[in-house]
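Q: Output the structure for:
(chains A and B)
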Amino acid sequence: MVSLPDGRLSLGTGRLLAAGSSGPSPLWYTARATGVVALVLLTVTVALGVAGTARVSTDLLPGIVRSGLHRNTSLLAVAFIAVHVLSSVLDPYAGIKLTAAVVPFSSAYRPIWLGLGAIAFDMLLALLFTSLVRSRLSYRAWHAVHWLGYACWPVALWHGLGTGTDSRLSWLLLLDAACALVVGAAVAWRLNLTVHRLTGHSVPGRSLAAGSFAGYGRVRAAGLAGVAAFLLATIVFVTTGPLQPGWARRAGTPASMLHSAHPASNAFAGRTGAGR
Amino acid sequence: MREHANSASRRRDERLARVRKLSLWITGGAAAASLGMGTAFAHAVPGHTASSSGSSTATSTGTGASASGAGAAGNSSSGSAGTGTQSGTARKTGGHHRHRLAPPASAPAPAPAPAAPVVSSGGS
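A: Alright, predicted model coming up:
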């Protein structure tokens, strides 16, 4: 792999680049598909992680299986995100530089929504590296960074909805909705479980101070309200943003791309409804 | 005691094997889903056909090309209907298309009248 002066990468795949510059790029489709699959894998990872915090262990899903799957799906998600980033950078049309993948809001193409992807990518890298050196970190430090996982997922979802030029596809909307429901339900279940445990339903014989129950009750209420607010905000955002005509222009696609005579730019306009 | 340890070890190995098996299934499923989605995007997204028509703009001549270009800027169905599959790009991606070639939206513009020949005096 060779790094070019302008930050772009060249793998010596001239054929791929040529295909990308002359018509519908396979890299473009690769970037979209791997991005969607990475979101699904992140959803599974978050759901397994939430189950892990509750120490869920059943015959069907013992603790060691759950934690192993959590680790492997997260690593797989990172691999898909790496392919997603590389194919986006190598795709010649949008001109996304490698730095834009890690430095938020530094891209000329849809800076806000691509910046959200960079933020999610950075958080995921932090999660990955702190997990790799977990034995050298204190549990508290590792756990604090690991909480980023809860923030990484919604940021990644909004990145996909805002940057994704296929957000109008009904099956993709359904997939996004399913992912949001899975994570929302998992977090709500986890918050509810905390209260049940504190009230002694799951841990018999444990007494609970009234003050701590009230404190956790507030946390639970705030958490549930946050989940509901996020889901509502996502619905409002999708209906007023990506589903409306002219989203490509409002999302920050450079005018030169919207009105370029390049074949791919017409594809962009058609995909995003820029001309409507 | 040793039997108990062996049993626990065996159970642990079985569960780790289950993790590996499930992970392989998830990896395979993710790869297959990625390929399937890439193909689905190539089929469903208007840009796929519009790009072909855009390429035909570069390789075709006359109003047929401009009609397909309008299809690219419009919607997907008109873009694919107006796709001129003469170009190399269109041939490359046209294998996925079920649409046949549609007649141009408007009649071809008449060819401009040839200019009168310029006669030089020859300087004599």
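
Q: Sketch out the low-pLDDT regions of the chain for me.
A: Reading this off chain A. A:1-24, A:194-214, A:259-276 (pLDDT under 70).

Q: please go with chain B instead
A: B:1, B:45-124.

Q: In it, where's the longest helix?
A: Across chain B, the longest stretch assigned as helix under DSSP state H is helix B:2-44.

Q: And A:Ala185, how far from chain B?
A: Taking Cβ to the nearest Cβ, to the nearest Å as the measure, A:Ala185 falls 20 Å from chain B. All C-beta spots, glycine's among them, are computed from the backbone N, C-alpha and C.

Q: same deal with A:Thr239?
A: With Cβ to the nearest Cβ as the criterion, A:Thr239 and chain B are 20 Å apart.

Q: For the helix or strand where that residue lies, buried residues please.
A: Applying DSSP states H and E as the criterion places A:Thr239 in helix A:210-240. The neighbour-count check on helix A:210-240 (16 or more other Cβ atoms under 10 Å in any protein chain shown) flags A:Tyr216, A:Arg220, A:Gly223, A:Val227, A:Phe230, A:Leu231, A:Thr234, A:Val238 as buried.

Q: returning to that earlier point: next, see if the longest helix of chain B gets close to chain A.
A: Yes. Under the criterion of Cβ under 8 Å from any Cβ of the partner chain, chain A is reached by helix B:2-44 at B:12, B:15-16, B:18-19, B:22-23, B:26-27, B:30, B:33-42, B:44.

Q: List the buried residues for stretch A:138-150?
A: Counting neighbours by 16+ other Cβ under 10 Å, stretch A:138-150 gives A:Trp142, A:Val145, A:His146, A:Leu148, A:Gly149, A:Tyr150 as buried.

Q: who's in contact with the second one?
A: The one in question is A:Val145. Contacts for A:Val145 (Cβ atoms under 8 Å, 6 or more residues apart in numbering or on different chains) come out as A:Ala126, A:Leu127, A:Thr130.

Q: still on that earlier bit, would you mind checking the residues of helix B:2-44 next to chain A for buried ones?
A: So, by 16+ other Cβ under 10 Å, the buried ones in those are B:15, B:18-19, B:22-23, B:26-27, B:30, B:33-34, B:37-38, B:40-42, B:44.

Q: so how far is A:Trp147 from A:Leu231?
A: 20 Å (Cβ to Cβ, to the nearest Å).

Q: ok now do A:Ile64, which residues does it touch?
A: B:Arg12, B:Arg15, B:Leu16, B:Val19.

Q: got the buried residues of helix A:210-240 as CSV, with distance to A:Ala101 columns?
A: Shown next, in CSV, are these (distance: Cβ to Cβ, whole Å):
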residue, distance to A:Ala101
A:Tyr216, 39
A:Arg220, 37
A:Gly223, 31
A:Val227, 29
A:Phe230, 25
A:Leu231, 28
A:Thr234, 24
A:Val238, 24
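
Q: what's the closest of those residues to A:Ser167?
A: Taking Cβ to Cβ as the measure, A:Ser167 lies nearest A:Val238 of the buried residues of helix A:210-240, at 7.1 Å.

Q: Setting the sequence-adjacent residues aside, check what's closest to that closest one.
A: Using Cβ to Cβ, 6 or more residues apart in numbering or on different chains and skipping residues adjacent in sequence, the residue nearest A:Val238 is A:Leu161, 5.9 Å away.

Q: measure the one you found to chain B for me?
A: Counting by Cβ to the nearest Cβ - A:Leu161 and chain B are separated by 16 Å.
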